[in-house]
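Novice: Could you look at this predicted model? Sequence included:
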Amino acid sequence: MQTSDIYHTQGIRSFKLKSTHYGDGKCVLNIVAKEHRCPLCASGKVSVYPEREREIQGQSCGAKRVYFKVWVHRIYCHKCRRQSYEQLNFLPYSKARVTRSLAQTLIELRRHMPLSAISEHYHVDYDTLKALEVNYLERKYSRICLKDVRVIGVDEIHVGHEWVDGIRRQKYLTIVRDLNSGKVLFVGDGKGCDYRICPEHQPAGLGQALLPCHAIRRRPPGRFYGHRGL
């Protein structure tokens with residue numbers, strides 16, 4: 001395997017292949033960065049110090065599982081005089097144990113297979129799969145469009161208990177949904193002041209509090225307040 005192969009098959013850029021080892025059904029590729037730059041100011045006048053070696057799983061090649069071994073460096077920039085750690089640009093997030101290419105494949109399979117089946121087939125830790133899915137959902141739903149929302153429903157659900165200052169208390173989640181499409185708009189801690197709903201807008205006999213959008217004013221940090229006549 002050559003440097004061009006890891007680019008076209010694994011989507012890894014700015015790294016070159018140093019050596020390849022085979023054994024135990026695995027293909028281990030040692031890669032090194034082509035150059036080092038300061039992640040803060042992008043200057044090339046840096047000093048690098050190796051910190052630790054990481055092993056990252058990539059897309060399988062036939063019957064062989066592919067793993068990449070790469071050293072993570074501590075970088076000192078002579079221009080901005082700051083110290084930082086090297087960022088591996090082929091990972092979905094900094095602490096991921098799989099490449100971005102493999103992570104995308106696993107997320108696509110998640111729609112058709114349970115996590116346990118994917119974990120067994122790809123030899124990926126179950127907790128790693130859950131972390132990938134959580135990261136994907138956080139990025140996907142980090143910004144929700146509220147343009148076409150007309151009526152929302154606000155309700156609380158009980159999710160167990162928690163200890164607060166040595167006192168066992170019930171734990172709730174507040175859920176805000178678009179009643180027309182059924183889409184979840186927000187999930188947050190319940191039994192607090194995150195949501196203040198005008199009693200004039202709450203229909204009798206319903207567990208949900210319905211508010212027209214003209215009665216909602218959004219204030220930071222991420223809180224809805226119900227008001228009349230806005």
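Specialist: Arrived safely, thanks for sending. Residues are numbered from 1 along each chain as shown.

Novice: Kindly state the domain boundaries assigned to this protein.
Specialist: As assigned by automatic domain parsing, the chain contains the domains 1-90, 91-143, 151-226.

Novice: which strands and helices sit next to whichever helix or strand Leu17 is part of?
Specialist: In this assignment (DSSP states H and E), Leu17 forms part of strand 15-23. Counting contacts by 3 or more C-beta pairs under 8 Å, 6 or more residues apart in numbering; DSSP states H and E, strand 15-23 is packed against helix 3-10, strand 26-33. For glycine as for every other residue, the C-beta is placed from the backbone atoms N, C-alpha and C.

Novice: Adjacent strands (with direction) for it?
Specialist: With DSSP bridges as the test, strand 15-23 is paired with strand 26-33 (antiparallel).

Novice: Send over the strand it pairs with as PDB, restricted to the C-alpha atoms.
Specialist: The C-alpha trace of strand 26-33 is given here as PDB (Å, rounded to 0.1, in the frame of the first residue of the first chain):
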ATOM      1  CA  LYS A  26      -4.800  -7.100  10.700                       C
ATOM      2  CA  CYS A  27      -3.000  -4.600   8.500                       C
ATOM      3  CA  VAL A  28      -1.100  -2.000  10.600                       C
ATOM      4  CA  LEU A  29       0.000   1.100   8.800                       C
ATOM      5  CA  ASN A  30       2.500   3.500  10.400                       C
ATOM      6  CA  ILE A  31       1.900   7.100   9.100                       C
ATOM      7  CA  VAL A  32       3.600  10.400   9.800                       C
ATOM      8  CA  ALA A  33       2.500  14.000   9.100                       C
END
